[in-house]
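*Asks:* Next input, structure requested:
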Amino acid sequence: MHKEIKIYRNYIGGAWMESLARRHAPNINPADASDLIGEAPLSISDEAIAAAEVAAHAFRSWRATPAPERGALVLRAARLLAERAEDIARVIVREQGKTLAEARAEVQRTVAYAEFCGAAAATDGVTVPLRSPAHFGYTRRRPLGVVALLTPEWSPLALPFERVAQALVCGNTVVLKPALATPETAEWMVRCFADAGAPSGVLNMIHGAADETGAALIDHPAVRAVWIGGSHADITGARRQAEGRTIRFKSEEMDVNPVIVLEDADLDLALAGVLAGAFGNAGQSYTATKRVILVHPVADAFLEELVERACKLRLGSGLDERVGMGPCTDEAQIQQALDLVRQAQADGAEVLCGGVRAQDEALAHGYFLRPTIVDRVRPDMRIAREPAPGPVLAVTRVESFAEALAHVTRPQAALAAGIYTRDGARMLHFADAMNARSIHINAPTTSDEAHVPVNHDALINFFSETSAVYVQYGSGTGGMA
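*Replies:* Numbers count the residues shown, from 1 in each chain. Reported below is the predicted structural model:
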């Protein structure tokens, strides 16, 4: 008797709809590739167009809905997410590969931000003193319109939920295209908003490939902003499209997030932080530690202990709570990571551990790459400039703090950077010198919280525009020139 395969549906205009697609992408458990969870439709462009048009129609009334009511919807969705937390965490583990502890933490982070976002929904503009008598000014935030969200698989709940929440609170309507690898998590997320009473067309979801479904969304005239996370190739193509239409565009992809460990560091703290940053979520978080810079006096001792700890990480399905690291999400990630490791070896780097797939009987059918540490990496090597999409850490040895800084400072901003030291002056010097969105001192690069202003305010500014309003309430002098 054959098991019936679940075919995921699109969600358009408040209704779950079977796709017209003739092609589907398998949703495979990365811990066991023989476990087919379901199939996501590769929806055709006409379906993406329909979703955008429904969202455009819903925008007319949603933008007029008072902000506290929009926030109340997000709060209700957050409460439902909290009630369903364990079920959703297990779905994340099965289709994305996180450990159960990591998946639970992702759900908790998402609930916390959604509650914060919903409660702050009434925040609008500011009053502004003007030069003329009997005048005052104020600013107001206004929504953009329809927002397209193309989300990645490495954070299948937090990233889409947080961005949907903020987009809706700002008064936009949304078309979500989740990652093909994590359609079940996306379905659970959308159901939270639907069951919370989201009006028809305010939130829509369509499954599909970036080069058809995603492209059709970006090209639609009703779409006024695009947020995308994922591979460099997908982001590059989407950026070109958005630039052609001069609409708002924001992307997030993995970066070579560096960490410096100085000779005065608390080595136990640094070891724990680097281990968590490099191998948590199998190194697939966009703020994962991808490179560590070690000063000479501590390099040998630090690496000896780090290798020992990495080798002791238990690999397996995240549903086993004894497991310390889950699989990569798919085969392509493993091959890309291994290519970078092999090239680094050819260029003179030394693999201290890992660099191979796990071949144990219990792991052979999954996408497991053993925790990999590559020593003596020079800054000109690809592995020092391109993030390996998996549990791979590149190590560079230096002689001084100044040399370490020279290795990690660059004109383009990094997503995250860290340092381990007991020296307060060097902590502050590092913070001044680093061009990074988040700077972590004696903490893992993955210790990021969405409600921090650099994250929350960035979302508000992306999903809304500010208008200035000038009011004359007396005879005054008239003009304000």
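
*Asks:* tell me the secondary structure for the residue nearest the centre of the chain?
*Replies:* The centroid of the chain falls nearest to Leu159 when counting by C-alpha atoms, centre = their mean (4.9 Å). Secondary structure assignment for Leu159 (DSSP: H, G, I helix; E, B strand; the rest coil): helix.

*Asks:* what's around the closest residue to it other than its chain neighbours, how many residues?
*Replies:* Setting aside the residues directly before and after it, Leu159 is nearest to Thr151 in space (C-beta to C-beta, 6 or more residues apart in numbering), at 5.3 Å. C-beta: built from backbone N, CA, C; applies to glycine. For Thr151, the neighbour count with other C-beta atoms under 10 Å is 27.

*Asks:* Leu157 too?
*Replies:* Neighbours of Leu157 using other C-beta under 10 Å come to 28.

*Asks:* can you pull the contacts of the residue nearest to Leu159?
*Replies:* Listed by C-beta atoms under 8 Å, 6 or more residues apart in numbering, the contact partners of Thr151 are 159-160, 163, 176-179, 186, 228-230.

*Asks:* Next one, pLDDT for it please.
*Replies:* Thr151 is assigned 93 on the pLDDT scale.

*Asks:* Check Ala52 too.
*Replies:* For Ala52, the model assigns a pLDDT of 97.

*Asks:* now swap in Asp234 and tell me
*Replies:* Taking Asp234 on its own, its pLDDT is 81.

*Asks:* Tell me the spatial nearest neighbour of it, not counting adjacent residues.
*Replies:* Asp234 sits nearest to Ala210 (C-beta to C-beta, 6+ apart), 4.5 Å away.

*Asks:* Report whether the expected contact of Ala179 with Gly230 is present.
*Replies:* Yes. Contact criterion C-beta atoms under 8 Å: Ala179 and Gly230 qualify, at 7.1 Å.

*Asks:* who's more crowded, those two?
*Replies:* Between Ala179 and Gly230, counting by other C-beta under 10 Å, Ala179 is the more crowded of the two (26 against 21).

*Asks:* That one belongs to a helix?
*Replies:* No. Assessed with three-state DSSP, Ala179 is coil; it does not lie in a helix.

*Asks:* Which of the three states applies to the closest residue to it other than its chain neighbours?
*Replies:* Closest residue to Ala179 apart from its sequence neighbours, by C-beta to C-beta, 6+ apart: Glu153 at 3.8 Å. Put simply, Glu153 is coil when judged by three-state DSSP.

*Asks:* so what's Glu153 up against?
*Replies:* 96, 179-182, 230, 329.

*Asks:* Among those, which pair sits farthest apart?
*Replies:* Of all pairs drawn from those, the greatest distance, 13.6 Å, lies between Gln96 and Gly230 (C-beta to C-beta).

*Asks:* Enumerate the strands of the stretch 251-400 of the chain by residue range, in sequence order.
*Replies:* Under the criterion DSSP state E, counting those that start in this stretch, the stretch 251-400 of the chain carries strands at the ranges 257-261, 289-295, 350-353, 372-375, 392-398.

*Asks:* Spit out the contact partners of the closest residue to Val469 other than its chain neighbours.
*Replies:* Distances taken as C-beta to C-beta, 6+ apart place Tyr138 nearest to Val469, at 5.3 Å, with adjacent residues excluded. Going by C-beta under 8 Å, 6+ apart, Tyr138 touches 125-128, 468-469, 471.
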